[in-house]
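A.B. asks: Kindly generate the corresponding structure for this input.
(chains A and B)
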Protein chains: 2
Amino acid sequence: MKFDIDIPGIIKSIKEKDCKIAGVQFPEGLKRQAIRIAGIIEEKTGADVIISGNPCFGACDIDTALAAKVDMLFHFGHSQMGVHENVVFIEARSNVDVIPAVRAALEQIKEDKIGVITTVQHIHRLKDVCAFLRENGKECIVGKGDLRVGYPGQVLGCNFTAARVDCTEILYVGSGMFHPLGVAIATGKRVIAADPYLKTAVEVNPERLQRIRGGYIARSMDAKIFGIIVSSKTGQERMELAMKLRDIAVKHGKEAHILMMDLVTPDQLLNFKADAYVNTACPRITIDDAERFHVPVLTPQEFEVAVGEKEWDGIEMDEILDSI
Amino acid sequence: MKFDIDIPGIIKSIKEKDCKIAGVQFPEGLKRQAIRIAGIIEEKTGADVIISGNPCFGACDIDTALAAKVDMLFHFGHSQMGVHENVVFIEARSNVDVIPAVRAALEQIKEDKIGVITTVQHIHRLKDVCAFLRENGKECIVGKGDLRVGYPGQVLGCNFTAARVDCTEILYVGSGMFHPLGVAIATGKRVIAADPYLKTAVEVNPERLQRIRGGYIARSMDAKIFGIIVSSKTGQERMELAMKLRDIAVKHGKEAHILMMDLVTPDQLLNFKADAYVNTACPRITIDDAERFHVPVLTPQEFEVAVGEKEWDGIEMDEILDSI
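C.D. replies: A predicted model of the protein is given here:
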């Protein structure tokens, strides 16, 4: 996997703003480049560079402690989310050709009109994707999404608003199954996932995930004590929601306690004696790490079903919308 | 292991200060009590209680994100370190009888005069220890320590100043070998470690640790790129030292980059491509986790030896003194 990162732009902006001390923060997949990039910036600008050593999984995850120590913090790999005084978002653009995967998807598209979505790494290829689809007789719809997402057509692990467009089929261009599964569940649309690295396309089937999540809900119904997880990360903190969930728990005769934490890990939850958890932090943790938790960890929506606040009517995705 | 925690004191202070929202933070060993204690506080005071879910290893490790969200943060298990506007330190006092272990130590004490040290869990037993020693014909010295430690005779994993007293033998009362080994190395004194839980006493022998640390220094001598770790935790941040170490690295023809992080873990360091690290965060991490790191992680003193800034003259302990 190769990415294009605008290093000259960073150097220019450090010089222009007379930045003496710069922070750099990389997501896990780009961390191996951290020392090399820090070295280039130091050499070309004379600024001191401090590297964030903390885990980083998204634009919601700004190293605020480092930002407070430096003149400018360069956050790599994600598109801007929210306003931070001295944080500059440096996107990483994959240089893989996405067209072979879209070509593979073409024969699976049933309708004449299709919504197209992708992640920030491929967002610059979206116009090529649409041109290709049009050449092949398809009408292409790119949803604007809400204010949490940086670009039209962009989806996040916690935000599928760009897929809420007027059509019944969606083409997802990108790797991984989390986003296309999320879109299929959140919108009820038929979703084709085209993976540019594998150059293949498949129709996603959310049934297995539905069944698994239903299992976690069932296992939580007898829980007496719930832990309600709130993240302290700038873009994930949903304390108000957590307080609301606690009131719901109490209303249904459950004990519930709010746990605030930075990184939510299975190891940390092991220490607390709750029978089940609700996660209001990054929704991907609930789904991706499900098997690694020692007790069920539910989404807010699943929790409401488990305690009897609402009826089970199929799985809903937990999204964080632009109100945060 | 049982601990006495002053819950009525917490309830009184919440009521007196009209605290509406309280945070509670527990070290790993006390976390399993978190939900129970949070429940009692909520029931008795009506305040909302938020539990810190983050790892916590000492008084240097205040959950500042949580402190910013609550009226009062109760930090359990450690004695006060530094001044924090709304943080109250709630010590945990072990109720184990320490005298059987001290009795076992008695026959190993060679001199008439002995320095006595312990950790905060047993600090309330220090007067009993001294009374017992005096009854048995020993003069007992309790060092004041510097301002980083909360009580005379108290040692921390990063501060052995209470053991720098006028005698050649030290009696350590407490569990674990880190503190007594540290004292033996830091002071050069003979140290007897009396473990109240095991009711046994042994003379500590720092030779093995000396040899191991010498090995890490030797393995770092050819390193080209050093990562210099700085903690963002309130009581551990030594950025000035890190900058000084970076200058030393450069002087000796090494490349060095500063990494700032909250929790220092072997997993996180795996992501970065440095040949060796220097840890300016909690000194215990360097020693306790040594085998879990994929490359050598040195103390600042060891680093200076590795790059040739100073001669190897036996191991030194890395201490954080009250200047921080």
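
A.B. asks: Might you enumerate the residues of the stretch 1-150 of chain A proximal to chain B?
C.D. replies: Residues of the stretch 1-150 of chain A found near chain B (Cβ under 8 Å from any Cβ of the partner chain) are A:23, A:28, A:31-32, A:34-36, A:38-39, A:48-55, A:63, A:65-66, A:69. The way it works is simple: take the backbone N, C-alpha and C, and place the C-beta from them, glycine included.

A.B. asks: If any of those are buried, give me the PyMOL selection for them.
C.D. replies: PyMOL command restricting the residues of the stretch 1-150 of chain A next to chain B to the buried ones, with burial defined by 16 or more other Cβ atoms under 10 Å in any protein chain shown:
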select buried, chain A and resi 23+31+34+35+38+48+49+50+51+52+53+54+55+63+65+66+69
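
A.B. asks: So which of the residues of the stretch 1-150 of chain A next to chain B sit within strands?
C.D. replies: If you go by DSSP state E, these have A:Gly23, A:Asp48, A:Val49, A:Ile50, A:Ile51, A:Ser52 in strands.

A.B. asks: want to throw the residues you listed into a markdown table with pLDDT?
C.D. replies: Converted to a markdown table, those look like this (pLDDT from 0 to 100):
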| residue | pLDDT |
| --- | --- |
| A:Gly23 | 98 |
| A:Asp48 | 97 |
| A:Val49 | 98 |
| A:Ile50 | 98 |
| A:Ile51 | 98 |
| A:Ser52 | 98 |
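
A.B. asks: Between all of those residues, which two are separated the most?
C.D. replies: A:Asp48 and A:Ser52 (14.1 Å; Cβ to Cβ).

A.B. asks: so who does A:Met221 touch?
C.D. replies: Contacts for A:Met221 were tallied using Cβ atoms under 8 Å, 6 or more residues apart in numbering or on different chains; they are A:Ala306.

A.B. asks: And it, how close does it get to B:Arg190?
C.D. replies: Distance of A:Met221 to B:Arg190, computed by Cβ to Cβ, to the nearest Å: 61 Å.

A.B. asks: Distance check, A:Gly174 against chain B.
C.D. replies: Noted for A:Gly174: a distance of 22 Å to chain B, by Cβ to the nearest Cβ, to the nearest Å.

A.B. asks: what about that residue, how many residues close to it?
C.D. replies: Using other Cβ atoms under 10 Å in any protein chain shown, A:Gly174 is surrounded by 24 other residues.

A.B. asks: What pLDDT does the model give it?
C.D. replies: In this model, A:Gly174 is scored at 97, pLDDT.

A.B. asks: Give me the nearest residue to whichever residue of the stretch 151-300 of chain A sits closest to chain B, chain neighbours excluded.
C.D. replies: Going by Cβ to the nearest Cβ, chain B is nearest to A:Met261 of the stretch 151-300 of chain A, at 3.1 Å. Distances taken as Cβ to Cβ, 6 or more residues apart in numbering or on different chains put B:Gly53 closest to A:Met261, at 3.1 Å, once the chain neighbours are dropped.

A.B. asks: where does the stretch 1-150 of chain A dip in pLDDT?
C.D. replies: Applying pLDDT under 70 to the stretch 1-150 of chain A picks out residues A:1.

A.B. asks: Which stretches in it count as strands?
C.D. replies: Here the stretch 1-150 of chain A has its strands, by DSSP state E, counting those that start in this stretch, at A:3-4, A:21-25, A:48-52, A:72-76, A:87-90, A:93-94, A:113-118, A:139-141.

A.B. asks: Other residues contacting the last one?
C.D. replies: Right, strand A:139-141. Strand A:139-141 has contacts (Cβ under 8 Å, 6+ apart) with A:Asp112, A:Lys113, A:Ile114, A:Gly115, A:Val116, A:Val129, A:Cys130, A:Leu133, A:Arg134, A:Val165, A:Asp166, A:Cys167.

A.B. asks: Likewise for the third one?
C.D. replies: Applying Cβ under 8 Å, 6+ apart, the external contacts of strand A:48-52 come out as A:20-26, A:34-35, A:38, A:41-42, A:63, A:66, A:69-70, B:227, B:230, B:243, B:257-261, B:272.

A.B. asks: Mind giving me the PyMOL select for those, buried ones only?
C.D. replies: Buried members of these, defined by 16+ other Cβ under 10 Å, are picked up in PyMOL with:
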select buried, (chain A and resi 22+23+24+25+26+34+35+38+41+63+66+69+70) or (chain B and resi 227+230+243+257+258+259+260+261+272)
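
A.B. asks: Contact partners for the residue nearest to A:Met261?
C.D. replies: Residues near B:Gly53 by Cβ under 8 Å, 6+ apart: A:Ile229, A:Leu259, A:Met260, A:Met261, A:Val264, A:Gln268, A:Leu269, A:Phe272.

A.B. asks: hmm, back to that, need the contacts of strand A:139-141 in JSON lines (columns: neighbour count).
C.D. replies: JSON lines is the format used below for these (neighbours: other Cβ atoms under 10 Å in any protein chain shown):
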{"residue": "A:Asp112", "neighbour count": "10"}
{"residue": "A:Lys113", "neighbour count": "15"}
{"residue": "A:Ile114", "neighbour count": "24"}
{"residue": "A:Gly115", "neighbour count": "26"}
{"residue": "A:Val116", "neighbour count": "25"}
{"residue": "A:Val129", "neighbour count": "25"}
{"residue": "A:Cys130", "neighbour count": "20"}
{"residue": "A:Leu133", "neighbour count": "20"}
{"residue": "A:Arg134", "neighbour count": "11"}
{"residue": "A:Val165", "neighbour count": "20"}
{"residue": "A:Asp166", "neighbour count": "8"}
{"residue": "A:Cys167", "neighbour count": "19"}
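
A.B. asks: Which pair of those residues spans the longest distance?
C.D. replies: Applying Cβ to Cβ across these, the maximum distance is between A:Val129 and A:Asp166, 18.6 Å.

A.B. asks: Let's see stretch A:311-324 as PDB, backbone CA atoms only.
C.D. replies: The C-alpha trace of stretch A:311-324 is given here as PDB (Å, rounded to 0.1, in the frame of the first residue of the first chain):
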ATOM      1  CA  GLU A 311     -38.400  -3.600  20.600                       C
ATOM      2  CA  TRP A 312     -35.900  -5.600  18.600                       C
ATOM      3  CA  ASP A 313     -36.500  -4.700  15.000                       C
ATOM      4  CA  GLY A 314     -33.200  -5.800  13.300                       C
ATOM      5  CA  ILE A 315     -29.800  -4.300  13.900                       C
ATOM      6  CA  GLU A 316     -29.200  -0.500  13.700                       C
ATOM      7  CA  MET A 317     -25.700   1.000  13.100                       C
ATOM      8  CA  ASP A 318     -24.400   3.400  15.800                       C
ATOM      9  CA  GLU A 319     -23.500   6.600  14.000                       C
ATOM     10  CA  ILE A 320     -22.000   9.800  15.300                       C
ATOM     11  CA  LEU A 321     -23.500  12.600  13.400                       C
ATOM     12  CA  ASP A 322     -22.400  16.200  12.900                       C
ATOM     13  CA  SER A 323     -24.000  17.400  16.100                       C
ATOM     14  CA  ILE A 324     -20.900  16.400  18.000                       C
END
